[in-house]
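S.K.: need a 3D model of the following:
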Amino acid sequence: MNGRTLFFSRFKALISDFWSLSILIMIVIISVMAAWISKNSEKAPMTVAIVNHDTGECGKKLENILSLDDTYRFCFVSKKEALRMTAVSEAHSMFEISEDFTEKIKNRRFDDLISEMVMKDTVELDSVREIIINSVIKVWIEELASDDLKNVADYTEAEMESFYVEAEEIWKGDIILDVVDHPYSDGKEKIEIRHDNPGLRWYAALVFLYLLLSGTWMMEYGRKGLVERIKQNGYPVWLVFLWQSLPGLIISVIGFIFTALYSGGSEGMKLIPAFVIYLIGITGMAYVVCVICRRFSTLLMVAPVMGLVVSTVSGLFAGVPDWADLWNRVSVIFPGHWFNEAVTFKSHMLIGIIVSLAWVLISVCIQNIVFRYRRKSAF
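M.R.: Take a look at the predicted model:
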């Protein structure tokens, strides 16, 4: 039996099989859509609820300055409405301007000017705070300059009005305080913080389902006695599976490249080695499931559940929430966990290789055990 012949015949069957290709194309489309939705949601400004308890002029000035910012959509509402918006995640966070804000600014007191309330899973707090802090400083500087100018006897009302107009134009420009995140460096290795990529994670999750379903060829041929003939010829069954799986892996990598080019660009292309390691691991997992399922109808029911559970626990569909720390601990045995780590650039390549190879070895061991005690081989 020639492995190269098995490889090319399987590859030809895959590229000419409309059903198989349609599944992979659908996976690519879904992954690209996930990346597109993520990109567009990042472009849309987040809403921040502002509750202004101050009736003075400084509170109004702070509102005007915040309304000029286009990074976030500052929404000025009542406290009841702000609480509702924050509770249902309609607002990113909620800030309250104290009722004595004007009085404190004029008296040059800066304690308890603004209070904030956020939900547990709120992110990007530093950037929101930066804008709020800058806006308060702008109000304070304007009030301070205005106070000093009023003490000048020959400063007219028209000149004061001109000062306020000029100040408003200045506030439209550069910020005063800039909060910058610096990458950590220990002098040897520079660790950069990069954005994770939902498109690549979704593709990896769904391609596991594709590989599970691609194992059905073993079941179909098993019924016709092909595997029995393979065993009689002394050719290892796992090697047949390897040769017949390689075309699916190659096509999966091609699909990954298309997804990476759209959603990750050059950064996404750097993840190809991590994805190949992940593919090796989930091929072993798919092999285990195919051997245990035995029948095509059983695999058809098990594959979607298996793919969904493993990918969800591994954090591929979405990040593992803080309260599900047990998920995170359990998922270390799955290749998807380590690919997810690679996507979020917490790279543990060596551990990922070990986990993937372990699944390949497990699959071979289970195959030997199952076929030793079954009179008829059936995947």
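
S.K.: buried stuff in stretch 99-107?
M.R.: 100, 101, 102, 104, 105, 106 (16 or more other CB atoms under 10 Å). Every C-beta, even on glycine, is put in place using the N, C-alpha and C of the backbone.

S.K.: also stretch 85-102?
M.R.: Under the neighbour-count criterion of 16+ other CB under 10 Å, stretch 85-102 has 85-86, 91-98, 100-102 buried.

S.K.: cool, and stretch 245-254?
M.R.: For stretch 245-254, the neighbour count (16+ other CB under 10 Å) marks 245, 246, 247, 248, 249, 251, 252 as buried.

S.K.: so which helix or strand takes in residue 133?
M.R.: Using DSSP states H and E, residue 133 falls within helix 125-150.

S.K.: which elements pack onto the host helix or strand of residue 358?
M.R.: Per DSSP H and E, residue 358 falls inside helix 349-373. Counting contacts by 3 or more CB pairs under 8 Å, 6 or more residues apart in numbering; DSSP states H and E, helix 349-373 is packed against helix 237-263, helix 272-293, helix 335-343.

S.K.: what's the first one packed up against?
M.R.: Secondary structure elements in contact with helix 237-263, counted by 3+ CB pairs under 8 Å, 6+ apart, are helix 3-16, helix 18-43, helix 198-213, helix 216-223, helix 226-232, helix 265-269, helix 272-293, helix 349-373.

S.K.: which one of those helices is the most hemmed in?
M.R.: When the helices and strands packed on helix 237-263 are scored by mean count of other CB atoms under 10 Å, the highest mean neighbour count falls to helix 198-213 (a mean of 25).

S.K.: now it - C-alpha only, PDB.
M.R.: Backbone C-alpha positions of helix 198-213 (Å, rounded to 0.1, in the frame of the first residue of the first chain) are rendered in PDB as follows:
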ATOM      1  CA  PRO A 198     -11.600  36.600  17.200                       C
ATOM      2  CA  GLY A 199     -11.500  35.700  13.500                       C
ATOM      3  CA  LEU A 200      -8.500  33.400  14.000                       C
ATOM      4  CA  ARG A 201      -9.900  31.900  17.200                       C
ATOM      5  CA  TRP A 202     -13.300  31.200  15.600                       C
ATOM      6  CA  TYR A 203     -11.600  29.600  12.600                       C
ATOM      7  CA  ALA A 204      -9.500  27.300  14.900                       C
ATOM      8  CA  ALA A 205     -12.700  26.400  16.900                       C
ATOM      9  CA  LEU A 206     -14.700  25.500  13.800                       C
ATOM     10  CA  VAL A 207     -11.900  23.700  11.900                       C
ATOM     11  CA  PHE A 208     -11.900  21.200  14.700                       C
ATOM     12  CA  LEU A 209     -15.500  20.300  13.800                       C
ATOM     13  CA  TYR A 210     -14.300  20.000  10.100                       C
ATOM     14  CA  LEU A 211     -11.600  17.600  11.100                       C
ATOM     15  CA  LEU A 212     -14.000  15.500  13.200                       C
ATOM     16  CA  LEU A 213     -16.400  15.200  10.300                       C
END
